[in-house]
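> I'd like to go over a predicted model; first the sequence, then the structure.
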Number of protein chains: 4
Amino acid sequence: MRIGILTGGGDCPGLNAVIRAVVRAGITEYGDEVVGFRDGWRGVLDGDVVALDVAATRGLLPRGGTVLGTSRTNPYAVEGGPERLLATLERLDIDALVPVGGEDTLGVANRLAAAGVRCVGVPKTIDNDLDATDYTFGFDTAVGVASEAIDRLHTTGDSHHRALVVEVMGRHAGWIALHAGMSGGATVVLVPERPFDVDAVVKHCQHRFDSGFSPIVVVSEGAVPADGHLTTTSGQRDAFGHERLGGIGEALARVIEERTGRESRAVVLGHVQRGGTPTPFDRVLATRFGLAAVRAVHEGASGVMVALRGTDIVQVPLAEAIAQLKLVPLERYAEAEVFFG
Amino acid sequence: MRIGILTGGGDCPGLNAVIRAVVRAGITEYGDEVVGFRDGWRGVLDGDVVALDVAATRGLLPRGGTVLGTSRTNPYAVEGGPERLLATLERLDIDALVPVGGEDTLGVANRLAAAGVRCVGVPKTIDNDLDATDYTFGFDTAVGVASEAIDRLHTTGDSHHRALVVEVMGRHAGWIALHAGMSGGATVVLVPERPFDVDAVVKHCQHRFDSGFSPIVVVSEGAVPADGHLTTTSGQRDAFGHERLGGIGEALARVIEERTGRESRAVVLGHVQRGGTPTPFDRVLATRFGLAAVRAVHEGASGVMVALRGTDIVQVPLAEAIAQLKLVPLERYAEAEVFFG
Amino acid sequence: MRIGILTGGGDCPGLNAVIRAVVRAGITEYGDEVVGFRDGWRGVLDGDVVALDVAATRGLLPRGGTVLGTSRTNPYAVEGGPERLLATLERLDIDALVPVGGEDTLGVANRLAAAGVRCVGVPKTIDNDLDATDYTFGFDTAVGVASEAIDRLHTTGDSHHRALVVEVMGRHAGWIALHAGMSGGATVVLVPERPFDVDAVVKHCQHRFDSGFSPIVVVSEGAVPADGHLTTTSGQRDAFGHERLGGIGEALARVIEERTGRESRAVVLGHVQRGGTPTPFDRVLATRFGLAAVRAVHEGASGVMVALRGTDIVQVPLAEAIAQLKLVPLERYAEAEVFFG
Amino acid sequence: MRIGILTGGGDCPGLNAVIRAVVRAGITEYGDEVVGFRDGWRGVLDGDVVALDVAATRGLLPRGGTVLGTSRTNPYAVEGGPERLLATLERLDIDALVPVGGEDTLGVANRLAAAGVRCVGVPKTIDNDLDATDYTFGFDTAVGVASEAIDRLHTTGDSHHRALVVEVMGRHAGWIALHAGMSGGATVVLVPERPFDVDAVVKHCQHRFDSGFSPIVVVSEGAVPADGHLTTTSGQRDAFGHERLGGIGEALARVIEERTGRESRAVVLGHVQRGGTPTPFDRVLATRFGLAAVRAVHEGASGVMVALRGTDIVQVPLAEAIAQLKLVPLERYAEAEVFFG
């Protein structure tokens, strides 16, 4: 068979491990040919393709990002997009596609499968917010980066008797904040799923200061206060004389400083969370996903996504997999709350 | 309630995180008192005990090992042991025990529970070979240490055109070898569950050399050749003039060198795999286990062990949990085999 | 003798290693008593002191920050400050002081020494900008954090074909940017010592994009454009509807995006650079500094600072040590420039 | 000019960074052509050569080992070797050589320079035992690996109340043991330069046990007891029924166990110390060495080696550089001794 692989959406540690696994498993187990499309669906639209053999996968397993590049191109939002996809697949004799991506990328795969193209998706979201799989690769690496940062911040916070607010990724789901916060011994963890009470946050910080240590607040970038805004009177000016206003992390640091009278600082971890070598957990998961996708293709599956359930790799219908986000449930957040303060 | 906690058997990253979680959850959620027994069941036998409050748990979450110490003492193998256990628990007004350990430690807990002592176990095995739980804490950390070592060894192997054999922990189960090997892109992975064919190992190594790279063989300390021995003619002498003979790692390195004609070296990772700060995965799992154990105690459970199933923490009967080892199944090993050579 | 130790100014990985070395060397080699003042000179002003013995130093070597706490209190700016310092030292029978700090902390030490108090300083500046010593501890750790972040950012930048600007510490001296940039293979490195030409930065980024890779710009927080400002027309709004304006990193990312037409993002590493466990280089240096300070005290030295010259620890007059900042010299910057683009 | 580069002897983190620096600096600053000889002097003997351009150096900076390969081939020990070297250089129009290596590799370079070939050496020894340079790249990385292992071993040692002996690289010079031991807070450090007293080692370990903690002994592979042997009565048998006898690490562990009555274990770090990504210190040093070598070539230097003195890169005559090993001086060892026990 000729299998095409592509990676779409935000990049993620483990993408290269999936690519390697698809190429090596396809070639070794089934004698497949494998080609890679560049920059997600954009490469399929444009027929921008590269042949992938075993030699091309040397060194990919531990490498972050994706050698195929990625984009957020949605072919169904492009004039004549669907026709161009099919034309490319026809012209290149592609028997099956393995799209690696999140909600958007897999949504396209689902429509293509309905149109008769054999598609087996591999789930990818660094935020771990795809339903139907216990975990996605990249998440463990992101939590690792955030957790190591929190470890570092504890000592500087305590030395200066100041609060530190760590803003991590997570627009809609707070998994990174939850895990990094539990792993790092955060004083408070704030997630998008639970609009937070500023007074309670301040109270936990005060309690932590009172016990002789400095608070670390871990906040998802998408977390919001329950009353819709943070009142704050102070302003900082940047090097150019403009008032500096940050995201939720900086806003929280300001309010904690005002209310506790202690210095508070924000750290926005940003893009370092999604780069770099994947953890072993993510490398193994990505490898198993890639292998399972190739096997699924050869079993004749289509319109499905590989997924982790416990320690097993299973197949789930794409339609079901992308139906809704996987949010942090109340009881998981309640576990973290036991350790607040 | 007054809860006693103890840690038995080999140490493991995450033990301190369990201790912290039991103490903080007990005190914060239920107003419990918590005491720690020193050196596993030895401390219960001798009434060697320390009171644990929140202050005592400061800094424990990221710290490897166990501040309570550990031992392999089996009170049922000691004259009058069971009576001394009960006497200690009575004298110290212990309402419930949370023993953290593997097969042996939890076997004692099971017998104590049968004798009427409220016992909720927490599973611990760095080898990940306890049945009834998807993962145990410490395993991810051990895999991380081994995987990082393999990453390092690839570059030195390739530079010198030599084979490297990495011996990792795992007497009866090959989980660490399997995961570290898949994560590190090993040329071959050998586990105790599958007696190996020396010729096949040599062939894979030769194939790797032929493709211009150097082989890395990852072998569990408990792996054995299918024909019961490795024939080898060469001998090295140590600094004291004695012939040096190592474990399976060194024996394999010798045979690969002889058969391929290329330099081969063994690295025995040893104790570094079980020390040091736990990974975030292990810290979160250990924390959830500790919390779940305290909750189980307060729900009236006994004779059970907390366990991970998918993303949930559940309870399983101790008797069932320790009935058999969790070995690497054939299909998991077959996944790794796809990438050999 | 009775020796007092204190840590002042911004915290730094290695401070605890100095404290441990002073305590252990004093007690073991000379039978000294050692006390620690809390929060820098504030603790001397207030007589806020803690006795330090060998047991108190257990676990300090690998630990970031300072267990003594720190502050920026300048006793010479406080009403009656100098008298209060002397009164505390008299009352507590302190024979000698070992102040650990930067320009400000050591400036106070210099004045105290002139007033007859035996003072041997230990240099501390994470920015490595103290003249008279080749390196200060903490710098290598900060460079390590920044360099690892750059490693991670390369893969995400390349996957998304976007530029990344990494803002690192360094208000007046660009040592961290220089070393992290050279270590991370930065496309451009910008330091406070050299006002930069925005056009040249954009040109280097464009060149890097043209060669098929994504640029990484490493910029000291104190770097400034040669023409005094960055013209930029776009504005982002934060979650609260306010225009978001960052420091030099964000301003640069905006201008690179506008001029190259490629997505650009800023990452501000912030406080993670100064927290966490020190690297071996910093632990060894801090330990040698602490030991040398104790020895200097016993040799009768005062008004001096220990310093690294090549591989030797030497003594230099405090007055000379704090006379001027150590800036990145032209020829060192020129070395980095060879690798730009 | 046409410059040839080669890497000889044991591999070392930072070799690829030197290669990258020579190629990029040569091409960018001087318009040179650069070729690489494979496997050290073997490649010059055989004319085994690869052209190196900027594209060939992509990704080399953070990568361990050497893409050119290495060997211990000594052309002066080969029949007709010197003539073959000269013939290759003539045939390939090589104007200058940059050999990267230790005593042996640079010794050849010295003889070639005397024969009229322009040679500028770059020092390489992971053991840091080359005289005439303050540090060599790779050393800091090796110390980092060893120090992290020691950090991990502390927690497992303390949990089990057992002694751990860590054997590190260093046949003739104890620099790795000295720095890793000081960085890791070792109970004792043993180096080849100082034959050790077994009784003193045991006494320090006993003292450490008595204070409630577990000893870590760091020993260079080349360290020897003062009385020439370690008496030991116990023997372990390996999986094949043979008595297992290790190097100095295992011998020490046995004797500590016998004399203190406490369990003792050896860990031999081995090849992981020389593999993997170089630390920032090593990357910067290697880059500066490579750049300085190219500049030296263009200044007309020959028969010299670049070297680090303080923070400066200087040139020293090859003859002088290889005249003797740089050993750990008494006063540096005495610094470490202050912290023993």
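Good, I have the coordinates.
> next structured bit after the host helix or strand of A:Cys205?
Using DSSP states H and E, A:Cys205 sits within helix A:198-210. Using DSSP H and E, the helix or strand that follows helix A:198-210 towards the C-terminus is strand A:216-220.
> and A:Leu92, how many residues sit next to it?
Neighbourhood size, A:Leu92 [other C-beta atoms under 10 Å in any protein chain shown]: 14. The way it works is simple: take the backbone N, C-alpha and C, and place the C-beta from them, glycine included.
> Do any residues in the helix or strand where A:Ala286 lies lie close to chain C?
Here A:Ala286, judged by DSSP H and E, is contained in helix A:280-298. No - Helix A:280-298 lies out of reach of chain C by C-beta under 8 Å from any C-beta of the partner chain, never closer than 13.2 Å.
> List the residues that contact A:Ala115.
A:Ala115 makes contacts with A:Pro82, A:Leu86, as judged by C-beta atoms under 8 Å, 6 or more residues apart in numbering or on different chains.
> Please report how far it lies from A:Ala323.
19 Å (C-beta to C-beta, to the nearest Å).
> cool, A:Thr141 as well?
Distance, A:Thr141 to A:Ala323, by C-beta to C-beta: 26 Å.
> When these two are compared, which one has more neighbours?
A:Thr141 (27 against 11).
> The more buried one touches A:Arg283, doesn't it?
No - applying C-beta atoms under 8 Å, one finds A:Thr141 not in contact with A:Arg283, separated by 9.2 Å.
> Quickly list what's touching both of those two.
Contacts common to A:Thr141 and A:Arg283, judged by C-beta under 8 Å, 6+ apart, are A:Gly14.
> three-state assignment of A:Ala266?
Counting by DSSP: H, G, I helix; E, B strand; the rest coil, the backbone at A:Ala266 sits in strand.
> Okay, and the beta partners of it?
In this structure, A:Ala266 bridges to A:Val165 when assessed by DSSP bridges.
> so who does the residue in the stretch 201-341 of chain A that chain D sits nearest to touch?
With C-beta to the nearest C-beta as the measure, A:Thr277 is the residue of the stretch 201-341 of chain A nearest to chain D, at 9.4 Å. By C-beta under 8 Å, 6+ apart, the residues touching A:Thr277 are A:Pro13, A:Pro62, A:Arg63, A:Gly64, A:Thr141, B:Asp151.
> Kindly report the residues of the stretch 201-341 of chain A close to chain B.
A:213, A:277, A:279-281, A:283-284, A:287-288, A:291, A:309-311, A:335, A:338-339.
> Kindly recompute the last result at 6 Å.
For the stretch 201-341 of chain A, the contact set with chain B under C-beta under 6 Å from any C-beta of the partner chain comprises A:Pro280, A:Arg283, A:Val284, A:Thr287, A:Leu291, A:Gly310, A:Thr311, A:Glu335, A:Val338, A:Phe339.
> And these, which is closest to C:Gln206?
A:Arg283 (34.6 Å; C-beta to C-beta).
> I figured that closest one hits A:Asn16, correct?
No - applying C-beta atoms under 6 Å, one finds A:Arg283 not in contact with A:Asn16, separated by 9.5 Å.
> Name the spans of the stretch 151-300 of chain A whose pLDDT lies under the cut-off.
Residues of the stretch 151-300 of chain A meeting the criterion pLDDT under 70: A:228-246.
> where does it come near chain D, residue by residue?
Near chain D, when you scan the stretch 151-300 of chain A using C-beta under 6 Å from any C-beta, you find nothing.
> re the thing from before, give me the angle between the helix holding A:Ala286 and helix B:280-298.
Helix A:280-298 and helix B:280-298 are oriented at 90 degrees to each other (axes from the mean of the first three to the mean of the last three C-alpha atoms, to 10 degrees).
> by contact count, what packs against helix A:280-298?
Counting contacts by 3 or more C-beta pairs under 6 Å, 6 or more residues apart in numbering or on different chains; DSSP states H and E, helix A:280-298 is packed against helix A:15-30, strand A:120-123, helix A:139-160, strand A:304-309, strand A:312-317, helix B:139-160, helix B:175-184.
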